[in-house]
Every structure is written in structure tokens, then in C-alpha cells.
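[1] coords below, sequence missing:
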């Protein structure tokens with residue numbers, strides 16, 4: 001965690017190339033510098049899944065700087081969101097855990113990836129409101145003009 005006053009979130013999945021990256025870029029977009037956001041995987045892939053990068057790019061989200069990585073054993077987080085890494089997800093003392101059952105977007109068609117991204121978007125927005133109650137969320141990138 002970067003500050004005792006700043007919440008932090010770790011989004012975790014198996015490859016850190018689809019679901020967790022989506023959670024990270026969405027949370028960064030909505031929370032700005034109010035929340036420290038990280039992502040990692042139990043078996044990091046080589047790059048962000050191209051089908052995920054394409055859908056996120058169509059929503060104005062850039063994944064070019066995202067590189068799949070493993071877990072930081074010394075990490076400290078307010079919340080850890082697991083998205084399919086199962087027993088391989090690490091335990092971080094003091095963190096609030098949420099397990100989001102989500103389909104893996106790897107190799108899926110655009111409509112399926114969009115559905116998964118929409119689901120993650122909704123959950124990220126709800127999580128941010130719980131972690132930072134005074135956060136004024138900008139409109140959703142999935143549904144322009146929508147806000148919570």
C-alpha cells in the first residue's frame with residue numbers, strides 16, 4: 001500500500017493477461033490517484049490477450065503499458081479480487097478478499113469479451129464505491145453517460 005490513507009486493490013487471475021488487467025485499467029480510470037491499483041497472475045502470460053486489448057481500446061482504455069507479472073510476496077493491499085486463480089492465489093494478511101467468478105476471455109469472440117468486460121466494469125465500480133465512499137465516479141466507459 002502506498003499510504004495508510006490510500007486504499008489499494010490487487011486484481012488477480014491466472015495469466016494476468018485478461019480479467020485482472022481489465023480490472024486494473026478500469027479501476028485506474030475511475031479512481032485516478034485515490035486508489036493504488038495492481039494486477040498479477042499465478043502463471044503470468046507473455047502479453048495481454050489481444051482480444052481483451054482490442055475491446056478495452058474500443059472503450060478508450062490503453063493496455064500498452066500492461067505486462068503480465070507474478071504476485072509480489074511483500075505486497076500489502078486493502079482488497080484482493082481473485083478472478084480464477086483458485087488455490088494459486090496468495091494470501092495477504094489484513095486484505096479484504098472477493099472472489100469474482102468470471103469466464104476467461106482468452107480466445108473468446110468480441111461479444112463474449114465485451115460481456116466479460118461489462119461484468120468486470122460493474123463490479124469494479126461497486127468495489128470502488130465501497131472502498132472510497134466519497135469518490136465521485138466518472139461515467140462508465142462501457143455505457144457512456146451511465147454513472148453510479
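    Yes, it's here. A quick note: this is a predicted structure, and the numbers were derived from the prediction, not measured. Numbers count the residues shown, from 1 in each chain.

[2] C-alpha from now on. contacts and neighbour counts both.
    OK.

[3] how about the helices in the protein?
    Along the chain, counting by DSSP state H, helices occupy 19-31, 50-58, 110-131.

[4] packing partners of the first one?
    Other elements packing on helix 19-31 under the criterion 3 or more C-alpha pairs under 8 Å, 6 or more residues apart in numbering; DSSP states H and E are strand 8-13, strand 36-41, helix 110-131.

[5] do the shortest one as well
    With contacts defined as 3+ C-alpha pairs under 8 Å, 6+ apart, the secondary structure elements packing on helix 50-58 are helix 110-131.

[6] so what's the closest residue to residue 141 other than its chain neighbours scoring on pLDDT?
    Distance criterion C-alpha to C-alpha, 6 or more residues apart in numbering; nearest residue to residue 141, sequence neighbours excluded, is residue 59 at 5.8 Å. Predicted confidence (pLDDT) at residue 59: the value is 96.

[7] can you check residue 86 too?
    Reported pLDDT at residue 86 in the predicted model: 75.

[8] ok, the residue nearest to residue 141 to residue 106 distance?
    18 Å (C-alpha to C-alpha, to the nearest Å).

[9] neighbours around the residue lying closest to residue 99 once chain neighbours are set aside, how many?
    Once flanking residues are discounted, residue 99 sits nearest to residue 82: 4.7 Å by C-alpha to C-alpha, 6+ apart. Residue 82: 25 surrounding residues under other C-alpha atoms under 10 Å.

[10] I'd say residue 82 and residue 102 touch.
    No. When contacts are counted by C-alpha atoms under 8 Å, residue 82 is not listed as touching residue 102 (9.6 Å).
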